[in-house]
Structure formats: C-alpha cells, structure tokens
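Asker: Sequence and predicted structure are below.
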Amino acid sequence: MPRAANRRARPHLEGYLPERAYQHSVKEHLDRIYGEVKEQWQPFVGERREIYRPVIDMAVGPFATRQKFGQRYTELMNETRPFIERLVDMHNGNVGALQEHIDFESLVEFNENARCLLCIEIEETGHRKHCLGNLVNASALGRIGILVARTSVVLGTFRKQRAYFQFLADVGKNTFRTANALILSAEQFDECLARGMGD
C-alpha cells in the first residue's frame, strides 16, 4: 500500500476532531483570550493577483492589512504573557535537543511588521513541502507563528525544518529566520488553550 494511502487509513484516537471541527474548537478558546480570531484567514485579499496568496488556518488580530499594529501586538503579548510563556515552554521542550530555545523577550522584538498577532497553522498530513510552507507562512505573517502538529510525524518534520533554517544561518548560508515559530503537538496546544490565562 502506498505510504499516503496508509497514512489516511490510520485510525484516530477516541475524541479525534476532523480538521474544521478542530479549528472551530481552537477558535472558541482563543476568542476567550483575545476576542479577534479568524479561521481560514486570507491575509492578501485585495493584493495584486501575481503574488502567492496563502490561506491561514487560524489567525489572531488585529489584522494589519493596511496599517501596522506593532505596538498593539506588543501590548497584547504583555497582557497575555502567561499564555504565551506556556506556549514557549512547550516549544522549548520539543526542540530541546536542537538547542534552539527562545524566550518571551525575543518574541516581543521579532517580526514587528507582522500581519497578525498569532498566525496558526494546523498540520496533519506530514507532507514535507506542505509543512515547510506552513512554517514559512506562520513565521512571516505572525508576530508569533504557531505550528500545531496533529501527529508525531508532523512534529518531527517541523522540528527538522526549523533546525535546517538555523543550520543554514549558522554556516553563513542564505536562509529564512523562523525564531518566532513555536512548534507544539495538538495535545500541548490544547492544554495551553484549556488553561488560558490561568496558572
């Protein structure tokens, strides 16, 4: 059986939500924390047709399509610091062996010309090129990019791709900075959302 077909046939754990249902659940939690959340966000509506126009799984505003909100993003990050630090802690645990730890302060100073506060890509397929696109989009468009892996295979792919970009930088090659991209399993992300702003 081809690998892709085998992946599709794999049974899901009890309580599994299909993609759109999972996104809706995430939105409900994020609405309680931030209040300005979009599913299937199109950050380049109205731009010229010649450019690539991705559709983002989830995004937290305000949405900077015609103006900059850098200072507002910083304020929102400080207002929701316990939630963000929990995400950072989960991410650091996932990339610990890669020695790519980040902290809250470095996120505050990263990507000040973002189009949204949180750019969230939720991935399950494990296709490497799809994962790579998610990593670039989340990092480029969000003050904080969040990559939610719904399988252990996807989590491993995200880790390796982020490490690849860091390796290119370390050896002086042309690269793309992804230091604001947090990698979490769906279970870790769900735990952070469930705890919200609580301890």
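Answerer: Yes, it's here.
Asker: my guess is C119 contacts V136, does it?
Answerer: No. Taking contacts as Cβ atoms under 8 Å, C119 lies outside contact range of V136: 10.6 Å. The C-beta positions use only the backbone N, C-alpha and C, and glycine is treated the same way.
Asker: Looking at the two, which is more packed in?
Answerer: Taking other Cβ atoms under 10 Å, C119 and V136 do not tie; C119 has more neighbours (30 against 18).
Asker: Beta-bridge partners for that one, please?
Answerer: Taking DSSP bridges as the rule, C119 bridges to A59, G145.
Asker: Would you check how far apart it and T74 are?
Answerer: Look at C119 and T74: by Cβ to Cβ, to the nearest Å, they are 16 Å apart.
Asker: can you check R143 too?
Answerer: 8 Å.
Asker: what's the answer for R86, then?
Answerer: In terms of Cβ to Cβ, R86 sits 19 Å off from T74.
Asker: How about the secondary structure of T175?
Answerer: Under DSSP: H, G, I helix; E, B strand; the rest coil, T175 falls in the coil class.
Asker: dump the residue contacts of it.
Answerer: Contacts for T175 (Cβ atoms under 8 Å, 6 or more residues apart in numbering) come out as 165-166, 168-169.
Asker: Just the buried ones from these?
Answerer: 165-166 (16 or more other Cβ atoms under 10 Å).
Asker: Same list (the contacts of T175) but as a markdown table, adding pLDDT and distance to G196.
Answerer: Output for the contacts of T175, formatted as a markdown table (pLDDT from 0 to 100; distance: Cβ to Cβ, whole Å):
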| residue | pLDDT | distance to G196 |
| --- | --- | --- |
| F165 | 90 | 31 |
| Q166 | 87 | 31 |
| L168 | 92 | 36 |
| A169 | 89 | 34 |
